[in-house]
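1. Fold the following.
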Amino acid sequence: VGENQMLIDGRLVDAESGATFDNVNPATEEVLGPVADGSPADMARAVDAARRAFETTGWASDTEARKACLDQLQTAIESEQEDLRQELVAEAGTPALITYGPQLDAPLREALRWPRDMIDEFEWSRSLGPKDAMGVGYQTEREVWKEPVGVVGVIVPWNFPIEIILNKLGPLLAMGNTCVLKPAPDTPWNATRLGRLIAEETDIPPGVVNIVTSADHLVGEVLSTSTEVDMVAFTGS
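-> Coordinates of the predicted model:
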């Protein structure tokens with residue numbers, strides 16, 4: 001049985017209403033287990049937590065902390081890689097063979113490590129050099145600064161769930177953003193396991209990553225239309 005709780009503001013929580021929905025094996029139609037069925041109110045709390053974390057923690061500016069936390073998350077996921085594999089086969093209906101390639105093992109090798117290494121290599125600022133302003137002999141010095149976007153809403157599909165989750169979370173976290181992730185209701189367990197690992201095995205500050213599971217399409221609408229969300233990263237299937 002997989003994880004059934006959401007991650008909101010650093011805490012593993014049930015839906016505020018206590019509601020759950022069934023996670024179903026698409027190959028056998030067997031009910032695998034219950035998952036928290038978050039509401040629009042739960043999503044709003046998660047968005048508020050992400051906004052608060054972006055504005056009040058040092059996540060956006062502390063590159064050393066981000067590298068350390070991504071290393072912790074990498075180690076934590078690898079420690080439960082075989083459990084993730086079994087969940088993928090059960091909830092996504094994927095052949096086990098594919099999990100040894102693009103469905104799990106391949107993204108786990110690079111999706112967090114590459115963005116983590118890019119923290120040191122990324123050109124966070126660039127000088128444009130001196131320039132004569134408006135032809136009057138007044139020299140200016142100009143620089144371009146690159147900063148995190150802010151709060152990112154992440155909506156992912158069912159067909160390659162953990163692969164797409166990791167390939168979205170890696171870059172956005174490395175660059176200093178916070179996020180709210182809504183997994184597909186068909187494949188929630190990879191996301192909820194990730195939430196538990198973040199809460200228990202990393203020093204990622206509360207609210208930096210929030211994970212809301214729900215079978216209600218209105219919950220995704222709250223995420224995609226909120227004025228507190230600066231960017232939406234959406235992949236459908």
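2. In this protein, which residue is most central in space?
-> residue 169 (4.0 Å; C-alpha atoms, centre = their mean).
3. average pLDDT for the strand or helix carrying that residue?
-> For residue 169, the host element (DSSP states H and E) is helix 161-174. In this model, helix 161-174 carries a mean pLDDT of 98.
4. ok, now stretch 209-222?
-> On average, stretch 209-222 scores 98.
5. Same check on stretch 121-138?
-> 84.
6. In this structure, where is pLDDT below threshold?
-> Low-confidence segments of the chain (pLDDT under 70): 237.
7. Do a quick rundown of the strands in it.
-> Under the criterion DSSP state E, strands of the chain are mapped to 6-8, 11-13, 20-24, 31-36, 125-133, 138-145, 151-155, 178-182, 209-211, 231-234.
8. would you list these in JSON lines and tack on distance to residue 110 and mean neighbour count?
-> Where C-beta positions appear, they are placed from N, C-alpha and C, glycine not excepted. Listed next are these as JSON lines, based on distance: least, C-beta to C-beta, whole Å; neighbours: other C-beta atoms under 10 Å:
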{"stretch": "strand 6-8", "distance to residue 110": "24", "mean neighbour count": "29"}
{"stretch": "strand 11-13", "distance to residue 110": "28", "mean neighbour count": "17"}
{"stretch": "strand 20-24", "distance to residue 110": "28", "mean neighbour count": "18"}
{"stretch": "strand 31-36", "distance to residue 110": "28", "mean neighbour count": "19"}
{"stretch": "strand 125-133", "distance to residue 110": "26", "mean neighbour count": "10"}
{"stretch": "strand 138-145", "distance to residue 110": "28", "mean neighbour count": "9"}
{"stretch": "strand 151-155", "distance to residue 110": "18", "mean neighbour count": "24"}
{"stretch": "strand 178-182", "distance to residue 110": "19", "mean neighbour count": "28"}
{"stretch": "strand 209-211", "distance to residue 110": "19", "mean neighbour count": "30"}
{"stretch": "strand 231-234", "distance to residue 110": "18", "mean neighbour count": "16"}
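9. Export the helix holding residue 169 to CSV, keeping only CA atoms.
-> Output in CSV follows, covering the C-alpha atoms of helix 161-174 (Å, rounded to 0.1, in the frame of the first residue of the first chain):
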residue,chain,number,x,y,z
PRO,A,161,4.4,10.3,-13.7
ILE,A,162,7.7,10.2,-11.8
GLU,A,163,9.8,11.0,-14.9
ILE,A,164,7.9,14.2,-15.6
ILE,A,165,7.7,15.1,-11.9
LEU,A,166,11.4,14.9,-11.4
ASN,A,167,12.2,16.7,-14.7
LYS,A,168,10.0,19.6,-13.6
LEU,A,169,11.0,19.7,-9.9
GLY,A,170,14.7,19.5,-10.5
PRO,A,171,15.1,22.7,-12.5
LEU,A,172,12.5,24.7,-10.7
LEU,A,173,14.0,23.9,-7.3
ALA,A,174,17.6,24.4,-8.4
